[in-house]
Every structure is written in structure tokens, then in C-alpha cells.
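*Asks:* the following comprises the amino acid sequence and a computationally predicted model.
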Amino acid sequence: MNKDFTFTIKNICFDEDYHPSDNTRITTNFANLARGNYRQENLRNTVKMIDNSFNSLAHWDNPKGDRYSIELEIISVDIDIDSSGRSFPSIEILKTNIVDHKTNKRIEGVVGNNFSSYVRDYDFSVLLLEHNKNRPEFSIPDDFGDLHGKLFKYFVNSSAYKHHFNKPPVICLSVSDNKTYHRTENQHPALGVEYQPNESSLTEQYFKKMGLQVRYFMPPNSVAPLAFHFFGDLLNDYTNLELLSTVSTMETFQKIYRPEIYNANAVAGKCYQPNLKNPDHSLTQIVYDREERSQMANEQGKFAEEHFIKPYQTVLKQWSASYVQ
């Protein structure tokens, strides 16, 4: 059964000339920025913010703060379930590359960063809502996230992934406004101060089924922690430059999308609860429609149900039951 699942990996540069492909999830961070009247200005300003952030963090041997620039690739992963040649757009992630203008070298960064998935949209926007439709109390299906988690692990262990990427992915997300985070004494030179949550979240549990652990760090110059989901040993499996490429990229996106948390005017304290209604924050110069993005997640969850979950229901159920990592 497993041999019938094949992945096709495509990449496109994210720069000021980027245009989303027809298959791109338009709820995706980068695709949302690349539409409308301010498309090119949005993209140019985003790239500049990432470069400035990276140079500020990678400040050693960098007196003018202009030694590096970050090149981003959007990685689209299509899955072919039955060897029919018909594929479904399953996952979209980002790959960072670091350009060192002093040595004229291009250093491979981290794959992962942003994470988008049609099946995840289905799980959260369709399946979870239907499961709770007539229930007095919110609950989670026992197998919630099982199929998605197995598909993701299968992809990361695939020959297609290993052919394109040298290291496992690191996915960097916002902290949850439903939890409280406590600062620890642990500090890393690139990732900054570690925080620990008071409890697990549904997102954490979902990503755990994908095989990922999570740790929370507030990087230098930041005002709030970020969630780093990873395989293996986050602090030792990646170089400082690799980690900083993720920090500068994903914190820039979060400043645009969640300015109440990541562009707040006050730094997170020892005991920190994120607040998406925090009025004391600054806005970037980049235009973004958060409400539209939320609505699109529902539509794309239904798309996944119609074009992937229902047509391949029997095959997916059999494969999931027999999957062994």
C-alpha cells in the first residue's frame, strides 16, 4: 500500500516578483501578501524586514549590518495516492537560504518555517466542527490528526524529501492566546530565552501526531516567544545561522499577521499570556486581511474534503491502518 504514495516537490522563489500559483492555498502567509493593489510593495517590504532582522541577529563580523540576505523558496508538495498521475496539493512550506555577501557563499537554511496543509484545514474547519455540532461540551475525536500526522511523517521519511533537503524540518508558529508561558533560566545564543507553557494545546497535540516536539523561545530583540516544532535536537542539530534564518523569517510574518503579540510595545515578562486584543502595539507598513484568511480556511477545508478525503476515503483508511513508521 505504501509504495503507491508518491510525492512531487516544486519550488518557487518568494521575492517582490512572486505570483501565487493556481494551486497555492491563499490562506498561506506569503500568498496572502502577494495579492491586491499593494502586492509588490508588500513583498518588497517583507523581504527587507527579514533581511534587517537577520543582520541584526547575526551581528558578529557584521559591522554595517548588511553582510547577509535571506532568499526564500516556497516548497509545494503534491501527493499521488493511486499512481494515476492525478495529484493533490498536500503541503506547502518555506525554505530559507542565507547569502553571505562577504564570502559570496550561499548557505542552505532551514526547511519548514511556515506550514500549510489542506488536510489540516479539513481537520480543524470541517471535521472538528461537525464532530461538535450537537454536543453540549467541546470534544476531540479519538483519531483526530492521525491521518494527517502519518502522511506528514511518511513525506519526511520519503526519498523525495531526502533528495531535496539535508535536514528535518523546523516549523515555527505563533504562541497560543489560550495559554500562559513562564520564562525559564535557559538561554540560547540564537533562539534566546526559553519559555514553558502551563498546559498542552490542541495544536501541540496535532503536531505531536506529526512526530514533532515543541519548545518555546523568545529570540533576542523580540517581544514574545515563538513555538518551534521539530524532530531530534533543536539546539544541536542546526547551526546558529540556520536557526536565525527561521527566526527572522517567521517573526517578520508574525509581526504582520499578529502585531498585537509580535509587534507589541511591551516585552513579554516572566509570566506571559498572549493577547490578540492587546491595543498597545504597532502596525507594519504591510497590508493584510486577517478576516479573509480565516474565512478561506473553511473553504479550503471543504476543498480537501471534496477532492481528497471523500474520493480516496477507502484507500486512505486502509493505508492509515497499516502504516508503520
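*Replies:* Good, I have the coordinates. Note that the structure is a prediction, hence the values are computed from the model and not measured.
*Asks:* please count neighbours and contacts with C-alpha atoms only from this point.
*Replies:* Will do.
*Asks:* what are the ranges of the strands in the chain?
*Replies:* Taking DSSP state E as the criterion, the chain carries its strands at 6-14, 68-80, 88-100, 105-117, 170-174, 181-188, 192-197, 213-218, 226-230, 271-272.
*Asks:* so the second one versus strand 6-14, what angle?
*Replies:* Calculated by axes from the mean of the first three to the mean of the last three Cα atoms, to 10 degrees, strand 68-80 forms an angle of 150 degrees with strand 6-14.
*Asks:* just the terminal-to-terminal distance for stretch 56-71.
*Replies:* By Cα to Cα, to the nearest Å, the extent of stretch 56-71 from end to end equals 16 Å.
*Asks:* Gly192: neighbour count?
*Replies:* Neighbour count of Gly192, defined by other Cα atoms under 10 Å: 17.
*Asks:* check Lys208 too.
*Replies:* Lys208, neighbours per other Cα under 10 Å, totals 17.
*Asks:* so how far is Phe144 from it?
*Replies:* 12 Å.
*Asks:* again, but for Leu226
*Replies:* For Leu226, the distance to Phe144 - Cα to Cα - is 24 Å.
*Asks:* hmm, back to that, which of the strands of the chain has the lowest average pLDDT?
*Replies:* For these, mean pLDDT drops lowest on strand 6-14, to a mean of 89.
*Asks:* now that one, how far from the centre of its chain.
*Replies:* Computed by Cα atoms, centre = their mean, to the nearest Å, the chain-centroid distance of strand 6-14 equals 16 Å.
*Asks:* what's the answer for stretch 81-89, then?
*Replies:* Centre to centre, stretch against its chain (Cα atoms, centre = their mean), the figure for stretch 81-89 is 24 Å.
*Asks:* before we move on, what about stretch 166-173?
*Replies:* That offset, for stretch 166-173, works out to 9 Å (Cα atoms, centre = their mean).
*Asks:* could you do stretch 227-240 as well?
*Replies:* Centroid separation between stretch 227-240 and its chain, computed with Cα atoms, centre = their mean, is 14 Å.
*Asks:* in that stretch, what counts as buried?
*Replies:* Neighbour counts over stretch 227-240 (16 or more other Cα atoms under 10 Å) mark 227-231, 234, 238, 240 as buried.
*Asks:* Phe138 versus the most centrally placed residue in the chain, what's the distance?
*Replies:* Nearest residue to the geometric centre of the chain (Cα atoms, centre = their mean): Asn114, 2.3 Å. Going from Asn114 to Phe138 by Cα to Cα gives 28 Å.
*Asks:* over to Phe88?
*Replies:* From Phe88 over to Phe138 (counting by Cα to Cα), the distance is 31 Å.
*Asks:* how about Lys102?
*Replies:* Taking Cα to Cα as the measure, Lys102 falls 55 Å from Phe138.
*Asks:* likewise for Ser200?
*Replies:* 16 Å.
*Asks:* Pro169 now?
*Replies:* 32 Å.
*Asks:* the two: which is more packed in?
*Replies:* The neighbour comparison of Pro169 against Phe138 (other Cα under 10 Å) goes to Pro169, with 20 against 11.
*Asks:* so that one sits against Phe230, correct?
*Replies:* Yes. Counting by Cα atoms under 8 Å, Phe230 is a contact partner of Pro169 at 6.4 Å.
*Asks:* neighbours of the nearest residue to Ile74 once chain neighbours are set aside, how many?
*Replies:* Of all residues not flanking Ile74 in the chain, Leu94 sits nearest, at 4.8 Å (Cα to Cα, 6 or more residues apart in numbering). Leu94 is flanked by 27 other residues according to other Cα under 10 Å.
*Asks:* you'd agree Leu94 is up against Val77?
*Replies:* No. Taking contacts as Cα under 8 Å, Leu94 lies outside contact range of Val77: 11.1 Å.
*Asks:* quick one on the thing from earlier: now distance to His188 too, for the buried residues of stretch 227-240, in CSV please.
*Replies:* Shown next, in CSV, are the buried residues of stretch 227-240 (distance: Cα to Cα, whole Å):
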residue, distance to His188
Ala227, 14
Phe228, 13
His229, 16
Phe230, 16
Phe231, 18
Leu234, 11
Tyr238, 12
Asn240, 9
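*Asks:* out of the residues you listed, which comes closest to Lys277?
*Replies:* When the buried residues of stretch 227-240 are ranked by distance to Lys277 (Cα to Cα), Ala227 comes first, at 19.8 Å.
*Asks:* for beta bridges, what are the partners of the closest one?
*Replies:* Leu173, Tyr216 (DSSP bridges).
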